[in-house]
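1. what follows is a predicted protein model with its sequence.
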Amino acid sequence: MGFGDLKSASGLKVLNDFLQERSYIEGFVPSQADVAVFDAISTPPSADLCHALRWYNHIKSYHSQKNSLPGVKKPLGQYGPAAVADTTPSSAAVSKKDEDDDDDIDLFGSDEEDDSEAARLKEERLAEYAARKAKKPTLIAKSSLLLDVKPWDDETDMAKLEECVRSIQMDGLLWGQSKLVPVGYGIKKLQIGCVVEDDKVGTDILEENITAFEDFVQSMDVAAFNKI
């Protein structure tokens with residue numbers, strides 16, 4: 001199926017729906033897949049296609065270095081809904097793999113081995129088994145942010161502005177609660193919280209993506225920043 005004609009409204013709508021829960025066309029970083037789709041678009045997506053517009057503005061920032069992005073550019077028809085495959089292993093598969101890993105460890109050796117060799121192998125396998133079970137997940141550094149997103153004027157559609165902000169999806173980003181705060185002259189700003197993984201999401205990339213919705217957003221400031 002792919003995206004169809006990305007120069008048409010219908011093709012851009014398919015792209016917008018496709019990017020609703022994705023940051024990029026493939027994987028978690030910009031690649032030649034994004035370049036191929038970007039080059040097929042003649043004009044930026046309209047403001048109501050907030051997911052596609054967010055992606056378009058982000059990939060546009062890589063234009064000068066697009067040839068250095070990873071991956072191999074494929075024909076446009078190989079990207080899109082029909083090309084998406086769920087490569088995430090199911091919990092059952094993960095559980096089965098863990099069982100297989102444990103099954104690979106023979107705690108008592110083979111009956112055909114002599115006593116001393118069996119004892120040595122048993123000790124080695126018990127040590128390997130204990131080491132594997134003792135491994136703990138690496139601590140992930142996270143921060144809690146409170147962002148102030150300011151509109152242009154009192155006629156800005158704040159519901160649409162918040163929808164655009166929340167459309168920004170990245171690995172390591174989780175949006176939280178929000179509220180509208182008066183700033184004067186009938187204008188209200190959006191105050192929204194989020195939790196980010198420090199190694200994956202920085203305030204600079206958040207600001208770049210949020211202010212890309214230039215029809216709604218005038219500026220973005222970090223009102224509070226706390227390590228978790």
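-> That came in fine, so what should we check first?

2. got the residue ranges for the strands in this protein?
-> Ranges of strands in the chain, per DSSP state E, are 142-151, 173-184, 187-197, 217-227.

3. buried ones in the shortest one?
-> By neighbour count with 16 or more other CB atoms under 10 Å, strand 142-151 contains the buried residues K142, S143, L145, L146, L147, D148, V149, K150, P151. The C-beta positions use only the backbone N, C-alpha and C, and glycine is treated the same way.

4. and the pLDDT at the first one?
-> It refers to K142. Looking at K142, its pLDDT is 92.

5. looking at it, it is touching D199, isn't it?
-> No: using CB atoms under 8 Å as the test, K142 is too far from D199 to be in contact (9.6 Å).

6. for stretch 37-55, the distance to its chain's centre please.
-> 18 Å (CA atoms, centre = their mean, to the nearest Å).

7. could you do stretch 46-57 as well?
-> Centre to centre, stretch against its chain (CA atoms, centre = their mean), the figure for stretch 46-57 is 16 Å.

8. ok, residues contacting that stretch?
-> By CB atoms under 8 Å, 6 or more residues apart in numbering, the residues outside stretch 46-57 that reach it are 12-13, 15-17, 19-20, 23-24, 34, 38, 41, 44-45, 160, 163-164, 167-168, 209, 212-213, 215-216.

9. out of the buried residues of strand 142-151, the closest to H63 would be?
-> V149 (25.5 Å; CB to CB).

10. so who does the closest one touch?
-> Per CB under 8 Å, 6+ apart, neighbours of V149: L161, V165, K189, L190, Q191, I192, I210, V217, S219, M220.
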